[in-house]
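Q: From the sequence below, what's the structure:
(one chain, ligands or ions: 1)
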Amino acid sequence: MQQDILILGAGMAGLIAARQLQSTGYRVTLLDKARGPGGRLASKRLDGWQFDMGAQYITASSTHMQAHTQQWLEAGWLAPWQGEFVHWQHGQWQTHTGAARFVGQPRMSALSRGLSENLELDCGQPVTHICRQEGIWQVSLASGRRYTAPLLISTLPLPQLQHLLNLEPELARHITPHLPDAHYAPCWALGYRLAQPWPCRHVSISLQGHPLLDFICHENSKPGRDGDSIISVQCTAAFSQKHLEVDKTELAQLVWQAVEEITGQHMPVAEHYAHRWLYARTQPASASESCLWLAELGFGAAGDIFTAGKVEGALISALQLAEKIIQTCDPV
Ligand SMILES: Cc1cc2nc3c(=O)[nH]c(=O)nc-3n(C[C@H](O)[C@H](O)[C@H](O)COP(=O)(O)OP(=O)(O)OC[C@H]3O[C@@H](n4cnc5c(N)ncnc54)[C@H](O)[C@@H]3O)c2cc1C
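A: Predicted structure coming up:
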């Protein structure tokens with residue numbers, strides 16, 4: 001299937017790049033290994049309950065993000081998240097007074113679903129090979145399906161892009177030196193369905209200096225979430241790194257014990273779910289640019305690794321890459 005641009009990865013960066021480029025007249029196809037778009041902007045749907053398994057909320061500090069947030073609010077994909085947010089720092093509690101928070105409604109993935117409207121997506125199969133012959137990129141999926149285009153964008157976490165590049169040493173030689181140093185931390189993200197209502201007034205607790213816990217959230221406090229009390233919990237990078245191969249049931253018990261200690265409440269759990277993100281959070285990269293664009297190869301890369309490791313950073317990176325492409329290449 002010949003397109004103008006193939007985009008690897010349909011997380012925030014891939015979706016934003018695709019929308020910008022398609023609206024300028026390029027024929028774009030997004031390829032993602034997951035069952036649907038969103039990447040780390042993910043929600044897990046279980047039997048009768050759900051929780052946001054990746055990004056918990058969005059903030060908008062730049063004018064670009066503010067403009068997009070406004071559009072998404074108007075589209076109904078996003079809603080303000082209000083309530084009592086608190087910080088826990090080495091045992092001291094403080095009320096959060098930072099930037100406004102926004103969440104997808106009725107789940108975080110509603111945003112990525114909205115953003116993917118009218119885009120051409122091929123989801124559910126990993127990209128297993130990329131190569132460039134006579135100025136045309138060829139991309140193969142695990143299913144054997146192949147796509148071709150003169151331009152290729154990667155929004156994959158860099159270790160996953162590097163894996164593909166290493167299969168074609170000549171490509172790796174040209175592209176790898178331009179990629180920023182990648183520092184990703186893993187994260188265990190857990191969801192708990194409680195047997196009784198959440199007894200705390202706090203809707204989220206951000207922790208600093210806790211050996212195990214990074215973030216606790218009462219999911220029902222987010223707009224559009226009804227039903228049983230659901231709590232999502234994220235573990236620290238250090239704990240997650242040390243316990244990458246832990247038994248999920250033991251992990252869920254250990255983490256819940258820590259939540260009970262922090263909140264001072266005993267709360268029986270009806271069900272739990274644990275997900276391990278290997279490339280969860282990025283350190284702000286050493287890159288001087290917010291994206292990579294190699295015009296001579298027709299290759300670009302974007303994603304949160306180029307900026308601050310947040311949804312907003314992924315958006316900024318993708319907008320900048322799309323702008324560079326629009327300035328240098330016309331649609332075929
Ligand atoms: C647990 C957790 C909590 C977070 N909390 C917040 C938060 O509260 N606020 C915030 O702003 N940010 C948060 N973040 C960070 C935020 O989610 C990311 O910065 C942002 O979503 C990154 O978007 P991206 O498009 O750059 O990458 P991704 O969303 O990772 O997209 C990359 C895509 O590439 C796909 N892919 C990978 N390999 C292949 C392959 N071989 N073939 C095809 N597809 C492939 C993946 O499936 C994925 O969809 C959190 C992240 C995690 C994990």
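Q: burial of the nearest residue to Gly11 once chain neighbours are set aside, as a residue count?
A: Excluding the flanking residues, the one nearest Gly11 by Cβ to Cβ, 6 or more residues apart in numbering is Gly39, at 2.4 Å. The C-beta positions use only the backbone N, C-alpha and C, and glycine is treated the same way. Residues lying near Gly39 (other Cβ atoms under 10 Å) number 27.
Q: just checking, Gly39 touches Ile16?
A: No - Gly39 is beyond contact range of Ile16, at 11.6 Å (criterion: Cβ atoms under 8 Å).
Q: Tell me where the stretch 101-250 of the chain has strands.
A: 101-104, 120-123, 127-133, 136-141, 146-149, 151-154, 184-194, 202-208, 213-218, 230-235 (DSSP state E, counting those that start in this stretch).
Q: Report the separation between the residue nearest to Gly11 and Glu170.
A: Distance of Gly39 to Glu170, given as Cβ to Cβ, to the nearest Å: 28 Å.
Q: surely Lys324 meets Ser290?
A: No - between Lys324 and Ser290 there is no contact under Cβ under 8 Å: 9.9 Å.
Q: confidence score at Ala308?
A: Looking at Ala308, its pLDDT reads 79.
Q: repeat for Trp137
A: pLDDT for Trp137: 97.
Q: got a list of what it touches?
A: Shown in contact with Trp137 (Cβ atoms under 8 Å, 6 or more residues apart in numbering): 6, 130-131, 148-152, 298-299.
Q: Dump these into a markdown table; add distance to the ligand as well.
A: Shown next, in a markdown table, are the contacts of Trp137 (distance: Cβ to the nearest ligand atom, whole Å):
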| residue | distance to the ligand |
| --- | --- |
| Leu6 | 11 |
| Ile130 | 10 |
| Cys131 | 14 |
| Thr148 | 16 |
| Ala149 | 15 |
| Pro150 | 20 |
| Leu151 | 17 |
| Leu152 | 12 |
| Gly298 | 19 |
| Phe299 | 16 |
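Q: Any quick PyMOL command for the buried ones out of these?
A: Those of these that count as buried under 16 or more other Cβ atoms under 10 Å are selected in PyMOL with:
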select buried, resi 6+130+149+150+151+152+298+299
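Q: In a strand, Lys44, correct?
A: Yes - according to DSSP: H, G, I helix; E, B strand; the rest coil, Lys44 belongs to a strand.
Q: my guess is it contacts Phe51, does it?
A: Yes - applying Cβ under 8 Å as the test, Lys44 and Phe51 come out as touching, 5.9 Å apart.
Q: who touches both of the two?
A: With Cβ under 8 Å, 6+ apart, Lys44 and Phe51 have common neighbours 191, 273.
Q: Comparing those two, which residue is more hemmed in?
A: Set Lys44 next to Phe51 and count neighbours by other Cβ under 10 Å: Phe51 wins out with 27 against 18.
Q: any idea which element that one lies in?
A: Assessed by DSSP states H and E, Phe51 sits inside strand 50-52.
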